[in-house]
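J.: Dropping a prediction and its sequence here:
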Amino acid sequence: MKKILLLTLMFTGMAFSNVYAQSPQSVVLTFYENLQREQAVDFKGFSSERGQNLFVSAFSDGKPDIPSCTTCHTPSPTGTGKTRAGKIIEPMALSINNARYTDTVKTEKWFRRNCKSVMGRECTPREKGDFLTFMMGQ
């Protein structure tokens, strides 16, 4: 009985340590991965290249004065951006700003707002995951 209890505690501890060993950003990325898997059975992972394309591409269905992410965030994810009102936007790159993408609710809020402004629609879970994968590698 003591051996079973000890083994149970040991495996439970290992499971919890794996959860806590993950970065907050990987937890957020896993959230989008799960959403994507629900929508597409053939999902094979996110792409940094697609994320970069999303970041730099110009779109025509959003607000005319915000055709791309780079309009406010600069062409380099490591650069400091500026809103149309002149407010400073901290760098998007995780290597420069490790506080980014740590909260799913906050990340989702900014995706919803910015995707609608730039693309004229909400981003898909795949687009969000691709974008985060790109930014986490910057």
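T.: Perfect, I can see it now. Quick caveat: nothing in here was measured; it's all calculated off a predicted structure. Numbering: from 1, shown residues only.
J.: Gly62 contacts Arg113, correct?
T.: No - applying Cβ atoms under 8 Å, one finds Gly62 not in contact with Arg113, separated by 11.3 Å. The C-beta positions use only the backbone N, C-alpha and C, and glycine is treated the same way.
J.: higher neighbour count, those two?
T.: Set side by side, Gly62 and Arg113 give different neighbour counts by other Cβ atoms under 10 Å, the larger being at Gly62 (19 against 11).
J.: how about the more buried one, what does it touch?
T.: By Cβ atoms under 8 Å, 6 or more residues apart in numbering, Gly62 lies in contact with 116-120.
J.: can you do 6 Å?
T.: The contact partners of Gly62, taken as Cβ atoms under 6 Å, 6 or more residues apart in numbering, are 117-120.
J.: And the residues you listed, which of them are buried?
T.: The neighbour-count criterion (16 or more other Cβ atoms under 10 Å) marks 117-119 among the contacts of Gly62 as buried.
J.: Between the residues you listed, which sits nearest Phe31?
T.: Taking Cβ to Cβ as the measure, Phe31 lies nearest Met119 of the buried ones among the contacts of Gly62, at 20.3 Å.
J.: burial measure for Gly137, as a count.
T.: 13.
J.: Per-residue pLDDT of Thr12, please?
T.: In this prediction, Thr12 carries a pLDDT score of 41.
J.: for Gln36, same thing?
T.: At Gln36, the pLDDT value in this model is 88.
J.: measure Val27 to Pro67 for me?
T.: Per Cβ to Cβ, to the nearest Å, Val27 is found 32 Å from Pro67.
J.: I am finished for the moment; much appreciated.
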